[in-house]
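K.L.:
predicted coordinates and the sequence they were generated for:
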Amino acid sequence: MTPTNPPTDQDACELLDADHIAVKHLFVEYARLAMLQADAAERTALAMKICEELTVHAAIEEEIFYPALEDALPETSDLMEEAREEHQEAKDMIAQIQAMGEAGPEMDDLVAELNRAIEHHVKEERDEIFPKAKGAGLDLADLAQQMRERQQALQTADAA
């Protein structure tokens, strides 16, 4: 989801939200193709891209962002646990989508369900997690740099 030349002045919350916006565009495009009953191969490729992008995004949140926030604000641990549970739900759907092989009505329905789950998760991050992170005294610019580096490493590994 990282743009070709991502802005290096984004803080961690802005970086994550840019990912949210990018994947939302992918979901919208998938829904458009599904509605048009577009070529199954094209829909399949887009579904796999959505799955890859979400997998990388969840990894940088779980490995870097969530632990940093919990360290700075231990009282957020319940909120972080809920976010991790939502990630697991998404990972389960991603695994099902990836196992399907080719797009069809079942994949279309599951991608739509994943979209709804991600929309819910993004809303909670924007409304609850990001405000806490911004008030926690974290170096959000440094966290963003760590997350960008990890994101690039994961994307490079996926491409290999």
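P.N.:
That came through, no problem. Numbering: from 1, shown residues only.
K.L.:
look at residue 138 and say how many residues are nearby.
P.N.:
Neighbour count for residue 138, taken as other C-beta atoms under 10 Å: 20. Using the backbone N, CA and C atoms, a C-beta is placed for each residue, glycine as well.
K.L.:
contacting residues for it?
P.N.:
If you count contacts by C-beta atoms under 8 Å, 6 or more residues apart in numbering, residue 138 has them with 12, 68-69, 72.
K.L.:
quick one, which of those are buried?
P.N.:
When the contacts of residue 138 are checked for burial by 16 or more other C-beta atoms under 10 Å, the buried set is 12, 68-69.
K.L.:
now the helix or strand where residue 91 lies: mean pLDDT?
P.N.:
Residue 91 belongs to helix 77-100 when elements are defined using DSSP states H and E. Throughout helix 77-100, pLDDT has a mean value of 96.
K.L.:
now do the buried residues in it.
P.N.:
Buried residues in helix 77-100 (16+ other C-beta under 10 Å): 79-80, 83, 86-87, 89-90, 93-94, 97.
K.L.:
and of these, the nearest to residue 114?
P.N.:
Residue 114 has its nearest neighbour among the buried residues of helix 77-100 in residue 93, at 4.6 Å by C-beta to C-beta.
K.L.:
burial of the closest residue to that closest one other than its chain neighbours, as a residue count?
P.N.:
Distances taken as C-beta to C-beta, 6 or more residues apart in numbering place residue 114 nearest to residue 93, at 4.6 Å, with adjacent residues excluded. By the criterion of other C-beta under 10 Å, residue 114 has 24 neighbours.
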